[in-house]
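K.L.:
I need the structure of the sequence given here:
(chains A and B)
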Protein chains: 2
Amino acid sequence: MVDIATRVWNHRWKIDPIVRSLIDTDFYKLLMCQSVFRRKPEAQVTFSLINRTTSIPLARLIDEGELREQLDHIRSLSLSRGESTWMRGNTFYGKRQMFTPGFMDWFEALRLPPYELERKGDQYELTFEGSWPEVMLWEIPALAVLMELRGRAVLDTMDRFELQILYARAMTKLWEKVEVLRGIDGLRIADFGTRRRHSFLWQDWCVQAMQEGLGSAFTGTSNCLIAKNRDMEAIGTNAHELPMVYSALARDDESLRRAPYDVLSDWHEEHEGNLRIILPDTYGTEGFLEGAPDWLAGWTGIRIDSGDPAKGAERAIAWWKARGEDPREKLVIFSDGLDVEKIGELHAQFAGRVRVSFGWGTLLTNDFRGLVAGDRLAPFSLVCKAVAADGHPTVKLSDNPEKAMGPAAEVERYKRVFGVGAQERLEVVV
Amino acid sequence: MVDIATRVWNHRWKIDPIVRSLIDTDFYKLLMCQSVFRRKPEAQVTFSLINRTTSIPLARLIDEGELREQLDHIRSLSLSRGESTWMRGNTFYGKRQMFTPGFMDWFEALRLPPYELERKGDQYELTFEGSWPEVMLWEIPALAVLMELRGRAVLDTMDRFELQILYARAMTKLWEKVEVLRGIDGLRIADFGTRRRHSFLWQDWCVQAMQEGLGSAFTGTSNCLIAKNRDMEAIGTNAHELPMVYSALARDDESLRRAPYDVLSDWHEEHEGNLRIILPDTYGTEGFLEGAPDWLAGWTGIRIDSGDPAKGAERAIAWWKARGEDPREKLVIFSDGLDVEKIGELHAQFAGRVRVSFGWGTLLTNDFRGLVAGDRLAPFSLVCKAVAADGHPTVKLSDNPEKAMGPAAEVERYKRVFGVGAQERLEVVV
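P.N.:
Prediction:
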C-alpha cells in the first residue's frame, strides 16, 4: 500500500510524471481508437481543452513550464512490452483478441502528436491537431495532467502532516461512501473516474478500496493501467466523440441525420454483447430513439450520460417496450454526476425493471470537497473534446443545454435536423 | 513516513516484536535506575502487573504463547552500540555525561531478569522479582506489550482497508487535537505516552505529529528510543516507585515518615535545575508539603499526578509563597489524565502565575475511543508497580483513593504516619 502523503510530498523535490503510460487512459478510448483506425484513419480532427469552471484560473495556478514538461513527457511515452502483451493477450468483455494485430502494430509504434499551448488570460488554450486515431488519445492524459497539476499547486502549500491528514480524511470519506454502497443489494458499479481524478495514486487507492469493500459488486475500472496492474476488468464502450466527428464529417443535412446511426452501425459490425451499449444523447435522446432503426432496439443496453437520469431510463424502457423488447433483459448504465445518494435512488427505482449498472466518476476519484480551506481541491468541470473534423466544427447538444457545445449557427442547424425542442436545464456539478 | 495500516496487517504473517530496544522506555526509568543502581543495588523488589479495568479480559484476548514470545524477546535484548553511544554522549537536560561510565558498563551488560506468568481467570498475573535496578526496567516494556497485544487481538479481526481507515480516523482525531493545542499561546507540552500507547509505531507517529504541529511548544518525548531516532529531547524526572520502595524498606514509623524526603535528598545530590521536580502525592500532597524541609521549596518545580490538578497546583503555589519562594519562577508539570480541554483549562488558569508544562500520556498515544464497534480499542487502566521490597509490601496512597495500592492494614498505617485524612474520590479514566 503506497503512502500517498509521502509520495505527494516528494513531488516537490523532482519532476514527477503524472502520466507514465499510454494505457493510463480509459478503455473506451482504445476501443474507439481501433474503430477509428479502421474506418476513418485519414480524418483530421482538432481536440481542445475547455475549462467549464472559469472561476478556477488554471493559468495562474499552474506554471506553464511545468505543464509543458508533463505534456512533453507524455509525448515521449510508447507502449511497453508488458502493456502490449496485456492488450494482445487479455480477455476483454469475454472476448480474446479484442485488439487486432494490425491495430496493435500501429499502437506499438505510436507516439502522441504535438500539442499547441497558449495562455489566454487566466486560462490555457490547449489544442491537439492531426489524424483522428492519434489525436483522440490525448484527451484523457491531457485532462489528468491539468487536474493533477491544479491539485499539486494546492498541495504544495501544505505541510507534510497536513498532507497526511488530508489523505486520511479523504480515505475516511470514500470509505464511508463504500459502506453506504455495501448496503445496496445487487449493486453493480465500475470506476469511470480517470479523466477527473485527483491523481493517479489516488485513483488507484480508490479502486482498491472499492474492490475490497464491494467485492464482486465492483465490476472493474475504466483505467487500463490500473485494470492491468490490479488484474481487474477494463470497462467502457464508446463516447460522444464518435457521433460528433461522424456528424461534422457529414456533407449535408441528410447524411448528418444519419451520422449517429452510422456510428452504431459500424460498432454493430465490430462488437457484440455488453459492448453494444447505445449512447443516445449526443443530439437529444428523444429524437434519437424515435428515429432509430429496429436493430438498435436489439442492442444490450443504453448509457444515460446527461439530463435527468431517471427520466432518461424511463424513456429507454418505454422505447424498448414499444419496439417489442423486454426491458428486464436490458442494461441501463448511469454515468453522469453520480454520488452515493443518487446511486441508491436510481438503483431503488430501476433494479428488477432493467439490469442496472453504474459508471462512477469524479465523486469517486476526486471528492476532496470540504477538505481544505477555501475548498481549493474541489473537483471542477474540465473537458477535452473534438471541436473540428476536416475543418468543420463539431456540435454536441446532449440532454442538458448546459452541456451543449459548438458554434451557435451550427447548434441551431443540428437542433433543426435532429428535431430537438425545449430541454430541461440542469446544473453541471463535475 | 511508515504506512501503519500495512505494518499492522503484516503482524499477522510473522512474529513481530513489540519492544525492540531496551531504551524503548521512559527516560525517567533510566534516571531512576541509575540512582537505584548507586544507592540500593541490593534491594530485592517485586513488580506486578495490575489491570485496573477488570472488564477487559486480557487472558481471553491475548494468547499466552504469544505473550510469552514477546516477553522472551525482551529478555533477549541488550543495549546496542548506537544506543549506548547516545546515552553516553548525548546532552540530557543540558547536562553532559548524565549517565556515569560505571552505570553504562552495567547497563551494557544487562539482560532483563526472568518473569513469572500465570493465568488467573480472565486475567494474567505477571510478576518480576529480583534486584531493584534490573526488575524496575520491566515496567514499561511489560505495559507496552500487554497494551499492544490487546490492540492486535482487535486489529486481527479487521480487513486491510478497515485498518487503513481506522488509522486515517485516528490520525485525523489526533491532528484535530493538535490544532486545538496550537491555539494555546505559550504552551509547553511533552509526550508521556509510552506505557499505554496503542503501539510503538503509533506513538512514533503521534510524536512526529506533535512536533510538526506545535514546533517548539512540543518539548520532547519521554520515550528514549524515539527521542534518539527523532533527535528530540528525552523528558522525565522521577516516579512514585522511589518513595514506595524506600518506604517499604523503612524499618519503623519514624524512618517511614522520613523515607519520601530521603528519596529527594538523594535526588538533590544527583540532579539540579529542571530535574529537581517534586512528586508530592505518593502519601498525600498536603502532609508531604507541610512536613517538607526548606531546601525542597528551593527546587525547580512540582509534578501533579493525582487528585484535582487545579487544587494541587493552587496548593503548591500557596506552599511556595509560605516558604518565601516566587511561584512565577516555579515549574508546574501536569501529567494525570489529560486531554486537550483539560490542558486548555489548566493553562488558562495557571499561565503567568507559574511556569506551566504538560506531560500528555494515554490520550495522546492511545485515543482510539469510538473508532471501532464496541469500542474494543479504547485505552484502559493497566499499571505495573513495585508491590514489595525486601519482603515488605509497598503502599501508595496518592491524592485519589481510587489510585491507592497496598494491603489494607499497611494502607491504614501509612495514612496514620503521613497524617492523611479524607480524600476526594475521582474516577480514573486511563
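K.L.:
Could you find the closest non-adjacent residue to the closest residue to chain B within the stretch 201-350 of chain A?
P.N.:
Per CB to the nearest CB, A:Glu212 is where the stretch 201-350 of chain A lies closest to chain B, at 4.3 Å. From N, CA and C alone the C-beta is placed, and that goes for glycine too. Sequence neighbours aside, B:Phe161 is the residue nearest to A:Glu212 in space, at 4.3 Å (criterion: CB to CB, 6 or more residues apart in numbering or on different chains).
K.L.:
Could you tell me how many residues sit around A:Glu290?
P.N.:
Burial of A:Glu290 is recorded as 11 neighbouring residues (other CB atoms under 10 Å in any protein chain shown).
K.L.:
Look at it and report its pLDDT.
P.N.:
For A:Glu290, the pLDDT comes out at 95.
K.L.:
swap in A:Val8?
P.N.:
71.
K.L.:
The residue nearest to A:Phe350 when sequence neighbours are not counted and A:Leu279, how far apart?
P.N.:
Using CB to CB, 6+ apart and skipping the chain neighbours, the partner closest in space to A:Phe350 is A:Val356 (4.9 Å). Here A:Val356 is placed at a distance of 17 Å from A:Leu279 (CB to CB, to the nearest Å).
K.L.:
got it, and A:Phe288?
P.N.:
Counting by CB to CB, the separation of A:Phe288 from A:Leu279 is 9 Å.
K.L.:
related to what we said a few turns ago, the residue of the stretch 201-350 of chain A closest to chain B: which element?
P.N.:
If you go by DSSP states H and E, A:Glu212 is part of helix A:200-214.
K.L.:
mean confidence score for that helix?
P.N.:
96.
K.L.:
who does the helix or strand just after it touch, helix- and strand-wise?
P.N.:
Using DSSP H and E, the helix or strand that follows helix A:200-214 in sequence is strand A:218-221. Contact here means 3 or more CB pairs under 8 Å, 6 or more residues apart in numbering or on different chains; DSSP states H and E; on that basis strand A:218-221 packs against strand A:189-191, helix A:200-214, helix A:224-230.
K.L.:
Which parts of the stretch 251-400 of chain A are helices?
P.N.:
Taking DSSP state H, counting those that start in this stretch as the test, the helices found in the stretch 251-400 of chain A are A:253-270, A:285-290, A:294-297, A:309-322, A:340-350, A:362-365.
K.L.:
Comparing those, which comes out most buried?
P.N.:
With neighbours taken as mean count of other CB atoms under 10 Å in any protein chain shown, those reach their highest mean count in helix A:362-365, at a mean of 25.
K.L.:
That one packs against which elements?
P.N.:
helix A:200-214.
K.L.:
Now the helix it packs on: buried residues?
P.N.:
Neighbour counts over helix A:200-214 (16 or more other CB atoms under 10 Å in any protein chain shown) mark A:200-214 as buried.
K.L.:
Over to the residue of the stretch 251-400 of chain A found nearest chain B: give its phi and psi.
P.N.:
Residue of the stretch 251-400 of chain A nearest chain B, by CB to the nearest CB: A:Leu371 (10.5 Å). Main-chain dihedrals, A:Leu371, degrees, to the nearest 10: phi -100, psi -20.
K.L.:
which residues does it contact?
P.N.:
A:166, A:169-170, A:173, A:377 (CB atoms under 8 Å, 6 or more residues apart in numbering or on different chains).
K.L.:
one more time with 7 Å, if that's ok
P.N.:
The contact partners of A:Leu371, taken as CB atoms under 7 Å, 6 or more residues apart in numbering or on different chains, are A:166, A:169-170, A:377.
K.L.:
same thing with A:Trp320?
P.N.:
So A:Trp320 contacts A:297, A:327, A:330 (CB under 7 Å, 6+ apart).
K.L.:
Against A:Phe350, how distant is the last one?
P.N.:
Just to be clear, that refers to A:Lys330. For A:Lys330 relative to A:Phe350 (CB to CB), the value is 10 Å.
K.L.:
what's the closest non-adjacent residue to A:Arg39?
P.N.:
Leaving aside its sequence neighbours, A:Arg39 sits nearest to A:Asp266 (CB to CB, 6+ apart; 5.7 Å).
K.L.:
wait, the one you found sits on A:Met32?
P.N.:
No: with contacts counted by CB atoms under 7 Å, A:Asp266 stays clear of A:Met32, the gap being 10.6 Å.
K.L.:
so where does the residue of chain A found nearest chain B fall, helix or strand?
P.N.:
Nearest to chain B in chain A, going by CB to the nearest CB, is A:Ala168, at a distance of 3.7 Å. A:Ala168 is located in helix A:160-182, with elements delineated by DSSP H and E.
K.L.:
so where's the stretch 151-300 of chain A shaky on pLDDT?
P.N.:
Counting by pLDDT under 70, the stretch 151-300 of chain A shows no low-confidence range.
K.L.:
Which residues of it lie near chain B?
P.N.:
Taking CB under 7 Å from any CB of the partner chain as the measure of proximity, the stretch 151-300 of chain A contacts chain B at A:159-161, A:164-165, A:168-169, A:171-172, A:175, A:209, A:212-213.
K.L.:
change it to 10 Å
P.N.:
Counting by CB under 10 Å from any CB of the partner chain, the stretch 151-300 of chain A comes close to chain B at A:159-176, A:178-179, A:205, A:208-213.
K.L.:
Would you mind writing the ChimeraX command to select the buried ones in these?
P.N.:
The following ChimeraX line selects those of these that are buried, judged by 16+ other CB under 10 Å:
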select /A:161,163,164,165,166,167,168,169,170,171,172,173,174,175,178,205,208,209,210,211,212,213
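K.L.:
thinking again about what came up before, distance of the residue nearest to A:Glu212 from A:Met210?
P.N.:
10 Å.
K.L.:
Repeat that for A:Val135.
P.N.:
From A:Val135 to A:Met210 the distance is 32 Å (CB to CB).
K.L.:
same question, A:Met32
P.N.:
25 Å.
K.L.:
Touching, A:Phe107 and A:Phe99? I think so.
P.N.:
Yes: in this structure, A:Phe107 is within contact of A:Phe99 by CB atoms under 10 Å, at 7.5 Å.
K.L.:
of the two, who's got more company?
P.N.:
Higher neighbour count among A:Phe107 and A:Phe99: A:Phe107, with 23 against 19, using other CB under 10 Å.
K.L.:
Which helix or strand contains the more buried one?
P.N.:
A:Phe107 belongs to helix A:101-109 when assigned by DSSP H and E.
K.L.:
ok, back up a step: show the contacting residues for the residue nearest to A:Arg39.
P.N.:
By CB atoms under 10 Å, 6 or more residues apart in numbering or on different chains, the contact set of A:Asp266 is A:35-36, A:38-40, A:242, A:246.
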